[in-house]
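1. got a structure for you, letters missing:
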């Protein structure tokens, strides 16, 4: 069985963020895009910004500890996989080999 993937914010990419009503908005310095993101996606970016590179399992575990009502392992992994998929599509996060 292969190790879980790691994720990080691509080198040279920075974000500016602000709250636009109920949504968080990010300006992506690498692509010039402005993106609306959920609080969960913002939490993922904050964790990666602070830690550098993290395995998906560690991201899920940390996010789940921060929640008022923790999810089951299956639920948190599914939710995180979707968040990471969207963030990767917008070049906010990249998948790398764990070292």
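-> Structure received. Given the structure is predicted, the values throughout are model-derived calculations rather than measurements.
2. in the longest helix seen in the chain, what's buried?
-> What stands out as the longest helix in the chain, according to DSSP state H, is helix 73-89. For helix 73-89, burial by neighbour count (16 or more other Cβ atoms under 10 Å) applies to 76-77, 79-80, 83-84, 86-87. C-betas here are computed from N, CA, C, even on glycine.
3. Contacts made by it with the rest, please.
-> The contact list for helix 73-89, computed with Cβ atoms under 8 Å, 6 or more residues apart in numbering, reads 7, 38, 40-41, 44-45, 56, 59-60, 63-64, 70-71, 93-95.
4. Among the residues you listed, which one has the most neighbours?
-> When these are compared by neighbour count (other Cβ atoms under 10 Å), residue 44 ends up highest, at 26 neighbours.
5. mind checking which helix or strand that one is in?
-> Per DSSP states H and E: residue 44 is located in helix 39-51.
6. likewise residue 69?
-> Using DSSP H and E, no helix or strand contains residue 69.
7. number of nearby residues for it?
-> 5.
8. which ones are touching the residue nearest the centre of the chain?
-> Among the residues of the chain, residue 44 comes closest to the average C-alpha position under Cα atoms, centre = their mean, at 3.1 Å. Contacts for residue 44 (Cβ under 8 Å, 6+ apart) come out as 59, 63, 80, 83-84, 87, 93.
9. What is the subsequent helix or strand relative to the lowest-mean-pLDDT helix or strand in the chain?
-> Across the helices and strands of the chain, mean pLDDT, DSSP states H and E gives its lowest value to strand 15-20, namely a mean of 78. Note on strand 15-20: by DSSP H and E, the next helix or strand toward the C-terminus is strand 23-28.
10. The helix or strand following that following strand: partners in the sheet, and parallel or antiparallel?
-> The helix or strand immediately downstream of strand 23-28 is strand 34-37, counting by DSSP H and E. Strand pairing for strand 34-37, using DSSP bridges, gives strand 23-28 (antiparallel).
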